[in-house]
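1. Need a 3D model of the sequence below.
(2 chains, ligands or ions: 2)
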Amino acid sequence: MGTRATPLNTRPLQGEARIIAAEPYYEAVAGEIALFEAAHASQLPVLLKGPTGSGKTRFIEHMAWRLKRPLVTVSCHDDLTAADLVGRYLITNNETVWVDGPLARAVRSGAICYLDEVVEARRDTTVVIHPLADDRRMLPMEKRGELLQAPPEFLLAMSYNPGYQSVLKELKHSTRQRFVAIEFQYPNAALEEKIIRTETGADAAIAAALVRLAQMTRNLKGNGLDEGASTRLLVHAAKLIARGIAPAAACHGAIAEALSDDPEMLCAIDEFVSSVF
Amino acid sequence: MAAPLSQAELTQQLDYLLSPVLSSRRTTTPLAELLAALTRAQQDFVLHWIEVIDRSNYEMAYQFAAAAPAALARLDDKSVESWILNALDTYDRDGLYLGSQVFKQIDAWLPSAANEHAATFEHYAPVLELYACGLAGRRLRLDIAAEPYTDTETLYLPPRIAAFADTAANFNLYKVIITLLWAQGRYGTFHTDIVSACAVYADLERATTLLSHFETLRLESCIATVLPGVARDLARLRGNTTDSRCAVLQNPAATVRDSLKLLAELYDVFAAPALPHHTALRTEATTTRNKRLQRERSALAEALAQMLPEQSSDKAPEAAAQDRIEIKTKPAPGTAGNFDVEIRLDSLPVTPPEHVAQLLDSILQDLGEIPDDYLHASGSGKQTLSADDESAGDGKDMADDEAGTHLYNEWDHKRRHYRKDWCLLRELDVAPVDNGFVEDTLTRYRPQVAQLKRSFEMLRDEDRLLKRQSTGDDIDFDALVAGYADLKSGMELPERLLTRRHKAERDLAALFMVDMSGSTKGWINDAERESLVMLCEALEVLGDRYAIYGFSGVTRKRCEIFRIKRFNEPYDNTVKQRIAGITPQDYTRMGVAIRHLTKLLNEVDARTRLLVTLSDGKPDDYSDHYRGEYGIEDTRQALIEAHHAGIKPFCITIDHEARDYLPHLYGPVNWTLVDNVERLPLKVADIYRRLTA
Ligand SMILES: Nc1ncnc2c1ncn2[C@@H]1O[C@H](COP(=O)(O)OP(=O)(O)OP(=O)(O)O)[C@@H](O)[C@H]1O
Ligand SMILES: [Mg+2]
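-> Residues are numbered from 1 along each chain as shown, chains lettered A, B, ... in the order given. Ligands and ions are numbered 1, 2, ... in the order given. Predicted structure coming up:
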């Protein structure tokens, strides 16, 4: 940021643009890389759908690297307004200075802008997302009376977890129908083992046992669990095991407790662990 | 402490509670005499349970009353409770005779050295069910039997295990047995008719015992490939004493045929050691499996035919399915029991609908593949529509002039169109009952109610900080900075520079639709009513608009909706007494109920409108016409209509088989299974909270 923020500015603007220099490790599960590249070339925005820990963030980082675009990530929360995305006036040295929000910066620099968990954001954000996500590709900056035209390299991406049950947090159709959707599923067993091994250096036996464990918890989705263990949790457990923690303890801490608070469920997951190792 | 009730007082109460099973020869005098000697707390305990058991069966209640004084004298509190619960479970499952037997066998519940470390099914069932479900990827029922065995749908386990002087080890034995029974289905023990194969031997019992032993050895090596932890347990349990003659079985590629071959060789000479994890092999397994295969085969043929796009071909759709659909499967590497399935339609890969995927998975669990001829229709398996009251009429014979009656269409999936004005529905009031049910429930769950209210208060108090307000209680710095900037550039300082806390606007209306079919009789009805009490308490805190209706009926001409609480009715004494008065009625014709309640919900002006169903099973009606696919498809259609009307349907069920059909009805996420009926009262409100958080 070129300007010094005044003390009066209580909310820091988030989402620095990042140039990703080294290739983030990403294992393609289906045709998602080609699809994303085609969407980018066609100037279409992208919606990443999928459960938590299924590789969405990693994928977008990988794609930013692959397409050689800077990446601006905004984690959406229920207080995030359109102004937070677009920008606002600040006061420096008794003068007003306009400061771009992360979305405006991304548009100007032809970056990839990733709105993580977009359903969490305030509804008024759709006002700026909609014109940017359809073929106008324009960001209205009301305060400045300016319309920012997105360059061809710019890409808007957002993530959404359809597994949430709350009826108050569904994506509106007018929003989702603007986006090319890429669905993230857990990778198949062989691929998931490879991911664990690559991410943590775990040996094949441990990776295989973790994937089996994950499968068993995923079988319980809808039968006591809201979600099964994600790839992320497996990576966490493998990292702990690599540091010498016994598998039972590592899986209990990294997986069981992350999935449930229910004593019976915890007991059942611990039994899965003692079965697969 | 209150004084004990006198014998006369007890006689009076018992006469009232047990009157249907009393006679001139059987009076309550001897019971009252014994009860009079107890403390008041014990007397209250007994009277309370008599009342509870009355709801299931009066004779059971009498048997309980007769045995209670002795039980209270000899068992501790915990044992008394599990004695009662076990009797009730047995009654539900096996009927009056066996149920009342449990009441007579007090000694079995006495603490003893062996009992002290025993693991009981009752206690561990919730964990074991989760374990089995995680293992199999589908819900397997668990139940008790003297000897462990499986019919491939239910795993039967001993009621208690006391093989070791260590509870953990006894519990672990349960787990090992479950894994073994699962493995019998998964690794092909029932691929041949093993009981017939054993019947050729002189001693059938000996033959099946030996075969079971060989199979256990064979399955151990299969299990070792995916669940090495359990395989280690198995090795420990058999004491590492493998007979070298059984070496062929220690190869994961061995099949049940190898075990049968070994049986032929060793029948005369081999002595199977008695092992704690011995399981029985029963004919039921083969018959159940074959029935299931047949059922699923025709279901699959039909489902695949439906996957074909509409076409003008004059071929039968099943024949077309065989030509155009191709299914490839292989075990998913690295998983215990899952398969990778690829379906091609006209050589293009397609994602099968959820119910097709489930059918395929179930067949794969049994056969390990989808045989080619499964794409043929199963010939004689075609269902024919039964000619009952369902066949006649187009609704004209059903007058719509009676006050409070409505006619609704019903979806016929076979014809792919609606039957016009097919169902006649009446709205009735539940007759209020003044028996203190609501108060009793609140007393029973006092701590839970308090906690529930707290969590709902949090939801309510999740208020928003409104920005840029002209009145408020704090300065909005962002607005001030922006305003100051405006001011500097020559504009006026805006007025709205304050923040204000504001209760989040929950513009939400929920309609609860409660299953009042006959199958909810007994505990389920109690649990449903208790759930409603808890729910109302919680919703009153939240201030959401809500209504409660029950539904039931017999045949399409007598569909009934019972008013319990309308949207604009306060939660007052009448509503409370209606909740108390909910009694099981007839059947579950769900489609028409959903259509009617959708109409009611549509009249409410709210941004989010929720239709929450509390159910105990599949749609069903008196004739077998509505049962099964017809009812499911009609219900699904009614839900689709509700969805189009902007309503969000959600289902809370206690049906353990819900997984088989609810995703098809409500989609993958809009339903929840509460495994344990007892927990329903605590869960329903909590599910609602999460649903609307
Ligand atoms: N396809 C993949 N290739 C490489 N690593 C992966 C892949 N999928 C998951 N992972 C691993 O899982 C971890 C979690 O993934 P990630 O953070 O991208 O999940 P996410 O989908 O963004 O989750 P959330 O919705 O919670 O933000 C990654 O850090 C990585 O270790
Ligand atoms: Mg992420």
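
2. just checking, B:D655 is part of a strand?
-> No - read with DSSP: H, G, I helix; E, B strand; the rest coil, B:D655 is coil and lies in no strand.

3. quick one, what contacts it?
-> Contact partners of B:D655, counting by CB atoms under 8 Å, 6 or more residues apart in numbering or on different chains, are B:S615, B:D616, B:G617, B:K618, B:L673. C-beta: built from backbone N, CA, C; applies to glycine.

4. can you pull the pLDDT of the closest residue to ligand 1 within the stretch 51-200 of chain A?
-> Closest to ligand 1 within the stretch 51-200 of chain A is A:G55: 2.6 Å, counting by CB to the nearest ligand atom. Model confidence at A:G55, given as pLDDT, is 94.

5. Report the residue ranges of every domain in the chain.
-> Picked chain A for this. The record's domain parsing of chain A by automatic domain parsing lists A:3-183, A:189-276.

6. if you could check chain B rather than the one you did, that'd help
-> According to automatic domain parsing, the ranges for chain B are B:7-114, B:119-282, B:286-374, B:437-441+B:508-692, B:465-503.

7. okay, those domains in CSV with mean pLDDT next?
-> Shown next, in CSV, are the domains of chain B (pLDDT from 0 to 100):
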stretch, mean pLDDT
domain B:7-114, 87
domain B:119-282, 90
domain B:286-374, 73
domain B:437-441+B:508-692, 87
domain B:465-503, 78
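
8. Deepest in the core, which of these is it.
-> Sort these by mean neighbour count, taking mean count of other CB atoms under 10 Å in any protein chain shown, and domain B:437-441+B:508-692 sits at the top with a mean of 20.

9. can you give me the end-to-end distance of it?
-> 28 Å (CA to CA, to the nearest Å).

10. cool, stretch B:275-285 as well?
-> First-to-last residue span, stretch B:275-285, CA to CA: 22 Å.

11. can you give me the helices for the stretch 501-650 of chain B?
-> B:523-542, B:573-580, B:590-602, B:629-644 (DSSP state H, counting those that start in this stretch).

12. Kindly report the same for the stretch 151-277 of chain A.
-> So, for the stretch 151-277 of chain A - with DSSP H, counting those that start in this stretch - the helices run A:173-176, A:189-200, A:204-219, A:231-242, A:247-251, A:257-259, A:263-276.

13. which one of those lies closest to ligand 1?
-> Ranking the helices of the stretch 151-277 of chain A by proximity to ligand 1 (CB to the nearest ligand atom) places helix A:231-242 first, at 3.5 Å.

14. So which elements touch that closest one?
-> Packing partners of helix A:231-242 (3 or more CB pairs under 8 Å, 6 or more residues apart in numbering or on different chains; DSSP states H and E): helix A:189-200, helix A:204-219, helix A:247-251, helix A:257-259.

15. Pick the most buried one from those helices.
-> helix A:204-219 (a mean of 24).

16. Does that one reach chain B?
-> Yes - under the criterion of CB under 8 Å from any CB of the partner chain, chain B is reached by helix A:204-219 at A:A208, A:A209, A:V211, A:R212, A:Q215, A:M216, A:T217, A:N219.

17. just the CA coordinates of that helix, formatted as PDB?
-> Taking C-alpha atoms only, helix A:204-219 is exported to PDB below (Å, rounded to 0.1, in the frame of the first residue of the first chain):
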ATOM      1  CA  ALA A 204       3.400 -46.100   2.100                       C
ATOM      2  CA  ALA A 205       1.900 -48.200   4.900                       C
ATOM      3  CA  ILE A 206       1.000 -45.300   7.000                       C
ATOM      4  CA  ALA A 207      -0.400 -43.400   4.100                       C
ATOM      5  CA  ALA A 208      -2.600 -46.400   3.100                       C
ATOM      6  CA  ALA A 209      -3.800 -46.800   6.700                       C
ATOM      7  CA  LEU A 210      -4.700 -43.200   7.000                       C
ATOM      8  CA  VAL A 211      -6.700 -43.300   3.700                       C
ATOM      9  CA  ARG A 212      -8.600 -46.400   4.900                       C
ATOM     10  CA  LEU A 213      -9.300 -44.600   8.100                       C
ATOM     11  CA  ALA A 214     -10.600 -41.600   6.200                       C
ATOM     12  CA  GLN A 215     -12.800 -43.900   4.100                       C
ATOM     13  CA  MET A 216     -14.400 -45.300   7.300                       C
ATOM     14  CA  THR A 217     -15.200 -41.900   8.700                       C
ATOM     15  CA  ARG A 218     -16.600 -40.800   5.300                       C
ATOM     16  CA  ASN A 219     -18.900 -43.700   5.500                       C
END
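
18. Remind me what that helix packs against, helices and strands.
-> Under the contact criterion of 3+ CB pairs under 8 Å, 6+ apart, helix A:204-219 touches helix A:189-200, helix A:231-242, helix A:247-251, helix A:263-276, helix B:121-136.

19. could you give me the average pLDDT of the third one?
-> Averaged across helix A:247-251, pLDDT comes to 97.

20. before we move on, back to that, right, so of the domains of chain A, which gets closest to B:T555?
-> Taking CB to CB, domain A:189-276 is the member of the domains of chain A nearest to B:T555, at 33.0 Å.

21. Could I get the full set of strands for the stretch 51-200 of chain A?
-> All strands of the stretch 51-200 of chain A, identified by DSSP state E, counting those that start in this stretch, fall at A:71-75, A:87-92, A:95-100, A:112-116, A:138-141, A:146-149, A:155-160, A:180-183.

22. sorry, back to before: of the contacts of B:D655, which is the nearest to A:V97?
-> Nearest member of the contacts of B:D655 to A:V97, counting by CB to CB, is B:L673, at 56.6 Å.

23. Distance check, the residue nearest to the closest one when sequence neighbours are not counted against B:E678.
-> Counting by CB to CB, 6 or more residues apart in numbering or on different chains, B:A658 is the residue found nearest to B:L673 once chain neighbours are left out, at 5.1 Å. Counting by CB to CB, to the nearest Å, the separation of B:A658 from B:E678 is 17 Å.

24. Save the helices of the stretch 501-650 of chain B as a markdown table, and put in distance to ligand 1 too.
-> As requested, the helices of the stretch 501-650 of chain B are arranged in a markdown table below (distance: least, CB to the nearest ligand atom, whole Å):
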| stretch | distance to ligand 1 |
| --- | --- |
| helix B:523-542 | 29 |
| helix B:573-580 | 41 |
| helix B:590-602 | 33 |
| helix B:629-644 | 26 |
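
25. Let me have those helices in CSV, extended by distance to chain A.
-> Listed next are the helices of the stretch 501-650 of chain B as CSV, based on distance: least, CB to the nearest CB, whole Å:
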stretch, distance to chain A
helix B:523-542, 13
helix B:573-580, 25
helix B:590-602, 13
helix B:629-644, 12
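
26. So for A:G228, which of the ones you listed sits nearest?
-> Nearest of these (CB to CB): helix B:629-644, 25.9 Å.

27. Identify all contacting residues around that closest one.
-> Residues contacting helix B:629-644 (CB under 8 Å, 6+ apart): B:410-414, B:589-592, B:594-595, B:598, B:601, B:611, B:618-621, B:626, B:649, B:661, B:664-666.
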